[in-house]
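Student: Turn this into a model:
(chains A and B)
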2 protein chains.
Amino acid sequence: MMRTRPLKVALLGCGVVGSEVARIMTTHADDLAARIGAPVELAGVAVRRPSKVREGIPAELVTTDATALVKRGDIDVVVEVIGGIEPARSLITTAFEHGASVVSANKALLAQDGAALHAAAENHDADLYYEAAVAGAIPLIRPLRESLAGDKVNRVLGIVNGTTNFILDKMDSTGAGYQEALDEATALGYAEADPTADVEGFDAAAKAAILAGIAFHTRVRLDDVYREGMTEVTAADFASAREMGCTIKLLAICERAEDGGSVTARVHPAMIPLTHPLASVRGAYNAVFVESDASGQLMFYGPGAGGAPTASAVLGDLVAVCRNRLSGTTGPGESAYAALPVSGMGAVVTRYHISLDVADKPGVLAQVATVFAEHGVSIDTVRQQGKDGEASLVVVTHRASDAALGGTVEALRKLDTVRGVASIMRVEGE
Amino acid sequence: MMRTRPLKVALLGCGVVGSEVARIMTTHADDLAARIGAPVELAGVAVRRPSKVREGIPAELVTTDATALVKRGDIDVVVEVIGGIEPARSLITTAFEHGASVVSANKALLAQDGAALHAAAENHDADLYYEAAVAGAIPLIRPLRESLAGDKVNRVLGIVNGTTNFILDKMDSTGAGYQEALDEATALGYAEADPTADVEGFDAAAKAAILAGIAFHTRVRLDDVYREGMTEVTAADFASAREMGCTIKLLAICERAEDGGSVTARVHPAMIPLTHPLASVRGAYNAVFVESDASGQLMFYGPGAGGAPTASAVLGDLVAVCRNRLSGTTGPGESAYAALPVSGMGAVVTRYHISLDVADKPGVLAQVATVFAEHGVSIDTVRQQGKDGEASLVVVTHRASDAALGGTVEALRKLDTVRGVASIMRVEGE
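Tutor: Numbering: from 1, shown residues only, chains lettered A, B, ... in the order given. This next block holds a predicted model:
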């Protein structure tokens, strides 16, 4: 079975993930060869800073000219672990044009230009694999694309960003505020110096777009994903959550509408019951719940980031792509045949937890309840707490559309007796 | 892309799983066609009782002659959901000889004859897929075979039998004894009239053999798997477990030895800490932990049995096999290149919880401790409880080989002061 000409791999990027990919390719060369059916050889490594010493990577393989590397023509597989839109997009496109298949860990690029990249791969009979783009080492893309190919996925509900989960877990377990927990995450290396992409939900939104696209066989772009960060979650929110038997997680939620005619994708902080398996996902771990017609509820759990785990996902793809190349075929490409419309946030139906600061006088509850009723939002429970002439009202609703809830809140703000809307949080996973 | 000649599927068995496969093939025909790239057609259904009414299955497709069906020559894929060794084995072999690929849910057969069946598939350029054979709908075979193909798996630790997990969960949560919990499982349909295959660990052992084989790229047969059922687990064991901050699960454990030179596979009840994710797997759910060099700890969770979940796994395989057929290729076959020796139970290294009934007199603890020391088994904690001239000693050890522990227990039984060994349970997942 074993052929002698090795498959040649070009590595674009040699940071935390790339160096780990190179290391495993070297130390586990025999295993990889046995699993692929041919040896696999690192043929070039494109980096920005060639002077940096890279242990285990022969200096003659290192180049700053990534374009020339992907144009060489003898490269079988390009592994792209640079991240960001450019130059990654141009390099991947050029790689396809020169006959290579591509393994990428680039969630931002896939979420923005997945359709065009898939088309380029297909035009050149090449593979585009990207297991590492979502939830690090956790096998998720492959199970969704292949294991569930005979099932109908209705919902994907997940913790797909380790940084924010670390922060929220810290707030939950220690009572710390957001800033304090963020500082600790930064000190421990879980958050970057500029944490915007994580805490504002951009990273999770890119992953949600990719997951929704695969789950629903429909193109979902980053712009289609409703996004709300978690910087405004407070210790008080966690106290409210606990009173409900819940905790707070930043969730990526991709749903098929109940009538099946459309889908939604969103990222926002939400309360989930402590009994839900996602509630016990600690630290920087990721976990994704998948609900399907036939298989019911599945959960995939593991490290969502880090050099070695991400490299594991990259190498799994590399083995698959190399095997495909040897047998002269390609794996499953984009599946967007369902082409369902992607609805905006207004169409999302869920439950809400709303804290209002209100005047402490008779009739306020009746007024507030009337506003909810007028907007067709049914109330599940109300809790009233008085404090020095002021009072707070905590309302938990039954399922209602985000549009109806929005109208309700707008009307509530106009009531003289409502001093302010202290917080609105969605309740998921029930 | 779409070709018009449909791929023809023969279904062997039309029980709980088979009828669900047939139903989904009919109701989701358009989705399956889009995902495969060609329509897929149910060409025949082999059953034992042809007179039984099967809703949605045209009578003219039903036959009692399974052999003739797999010999037809126009069948692309045979789906085997009969179970058991014969006639399943002969039918699968005949299917390969007549040009078909096979999707099977047959754990017993795969665990006993996996190597021969894989060889038959390879000889005829056909696929043999069996995601449904382990842990029902949970994608596990594909992630292990493909997603982790670039990683080195060191341990697979899982709850792979829903019946026993239901019984143990019931004992844990209600304090019920084994028989009472089994009766409830039977009444609710979670246990079969003859529960032997489940409660004695045969079912889990077959799955452990399959998982170990794939995880370690080594042939592991059912006979290689150490097996201990859970019929002797008592309410007292659960009380002991709780004192340790543990619960009790029937675990399938596949491990690479620390020196990497051999592997073991075993099924037995074990204590695991309540903080371990497997401890919170409730009811008839399954979950499997996978530990690898690069990806760290992954967990896969979901329904481990049932018609629809198992059918989902079968159909995922069916889509993959059909796609392979259309592109004239086959998926990854058996990977047994590592060919590591499979060690017996004596080589397993773990911790132990031992309850001894002893005479309540001075010097007993010293005697007992001496026996442990003589066999090289280091004690972590000892708890002594006196009651009316009798006493009990609970010893928890550090890690030791099963052989050393066995020798220790044999020597303990010979001590005059030891009235009996009340229970020995392994402690895992720490």
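Student: out of everything not next to it in sequence, what's closest to the residue in the stretch 1-150 of chain A that chain B sits nearest to?
Tutor: Closest to chain B within the stretch 1-150 of chain A is A:Gly150: 2.2 Å, counting by Cβ to the nearest Cβ. Where you see a C-beta, it was placed from the backbone N, CA and C, and this is true even at glycine. Once flanking residues are discounted, A:Gly150 sits nearest to B:Leu315: 2.2 Å by Cβ to Cβ, 6 or more residues apart in numbering or on different chains.
Student: I figured that neighbour was touching B:Ile24, is that so?
Tutor: Yes. Between B:Leu315 and B:Ile24 a contact is recorded at 5.8 Å, counting by Cβ atoms under 8 Å.
Student: List the buried residues of stretch A:214-232.
Tutor: A:214-222, A:224-231 (16 or more other Cβ atoms under 10 Å in any protein chain shown).
Student: Doesn't A:Met425 belong to a strand?
Tutor: Yes. Membership of A:Met425 in a strand is supported by DSSP: H, G, I helix; E, B strand; the rest coil.
Student: so A:Leu412 is in which element?
Tutor: helix A:402-414 (DSSP states H and E).
Student: Repeat that for A:Thr329.
Tutor: Per DSSP H and E, there is no helix or strand for A:Thr329.
Student: Burial check on it, number of neighbours?
Tutor: 17 (other Cβ atoms under 10 Å in any protein chain shown).
Student: how many neighbours does A:Gly15 have?
Tutor: With other Cβ under 10 Å as criterion, A:Gly15 counts 13.
Student: I figured it hits A:Arg54, correct?
Tutor: No. Between A:Gly15 and A:Arg54 there is no contact under Cβ under 8 Å: 10.3 Å.
Student: so how far is B:Ala29 from the residue nearest to A:Gly150?
Tutor: The gap separating B:Leu315 from B:Ala29 is 12 Å, by Cβ to Cβ, to the nearest Å.
Student: Just want to know which of the two has more residues nearby.
Tutor: Set B:Leu315 next to B:Ala29 and count neighbours by other Cβ under 10 Å: B:Leu315 wins out with 29 against 15.
Student: if I look at B:Leu315 and B:Ile24, which residues touch both of them?
Tutor: Jointly contacting B:Leu315 and B:Ile24 under the rule Cβ atoms under 8 Å, 6 or more residues apart in numbering or on different chains are A:150-151, A:294.
Student: Can you classify A:Phe300 as helix, strand or coil?
Tutor: Judged by three-state DSSP, the three-state class of A:Phe300 is strand.
Student: And for A:Thr247?
Tutor: Quick answer, by three-state DSSP: A:Thr247 is strand.
Student: can you give me the end-to-end distance of stretch A:329-339?
Tutor: The first and final residues of stretch A:329-339 sit 26 Å from each other (Cα to Cα, to the nearest Å).
Student: Now do it: distance to the chain's middle.
Tutor: Put simply, stretch A:329-339 sits 20 Å off its chain's centre (Cα atoms, centre = their mean, to the nearest Å).
Student: does chain B sit close to it?
Tutor: Yes. On the criterion Cβ under 8 Å from any Cβ of the partner chain, stretch A:329-339 is in touch with chain B at A:329-330, A:332, A:335, A:337-338.
Student: among those, who's most crowded?
Tutor: A:Thr330 (20 neighbours).
Student: nearest residue to that residue other than its sequence neighbours?
Tutor: Here the residue nearest A:Thr330, using Cβ to Cβ, 6+ apart, is A:Asp127, at 5.0 Å.
Student: Give me the pLDDT value at that neighbour.
Tutor: Reported pLDDT at A:Asp127 in the predicted model: 97.
Student: per-domain residue ranges of chain A.
Tutor: A:7-137+A:307-326, A:153-302, A:348-427 (automatic domain parsing).
Student: so how far does the second one reach from one end to the other?
Tutor: So the one you mean is domain A:153-302. Domain A:153-302 has an end-to-end distance of 21 Å (Cα to Cα).
Student: where does that domain sit relative to the chain's centre, distance-wise?
Tutor: 8 Å.
Student: now swap in the last one and tell me
Tutor: On the basis of Cα atoms, centre = their mean, domain A:348-427 sits 31 Å off its chain's mean C-alpha point.
Student: Name the surrounding residues that touch the worst-scoring helix or strand of chain A on mean pLDDT.
Tutor: With mean pLDDT, DSSP states H and E as the measure, the helix or strand of chain A carrying the lowest mean pLDDT is strand A:379-387 (a mean of 86). Residues from elsewhere that reach strand A:379-387 (Cβ under 8 Å, 6+ apart): A:243, A:351, A:360, A:365, A:369, A:372, A:391-398.
Student: ok, now with 6 Å
Tutor: A:360, A:372, A:392-398 (Cβ atoms under 6 Å, 6 or more residues apart in numbering or on different chains).
Student: What strands line up against that strand, and which way round?
Tutor: Strand A:379-387 pairs in its sheet with strand A:390-397 (antiparallel), by DSSP bridges.
Student: Kindly confirm my reading that A:Leu157 is in a strand.
Tutor: Yes. The assignment for A:Leu157, made by three-state DSSP, places it in a strand.
Student: quick one: the helices in the stretch 201-350 of chain A?
Tutor: In the stretch 201-350 of chain A, the segments counted as helices under DSSP state H, counting those that start in this stretch are A:202-216, A:235-243, A:307-326.
Student: pLDDT weak spots in chain A?
Tutor: Low-confidence segments of chain A (pLDDT under 70): A:1-4.
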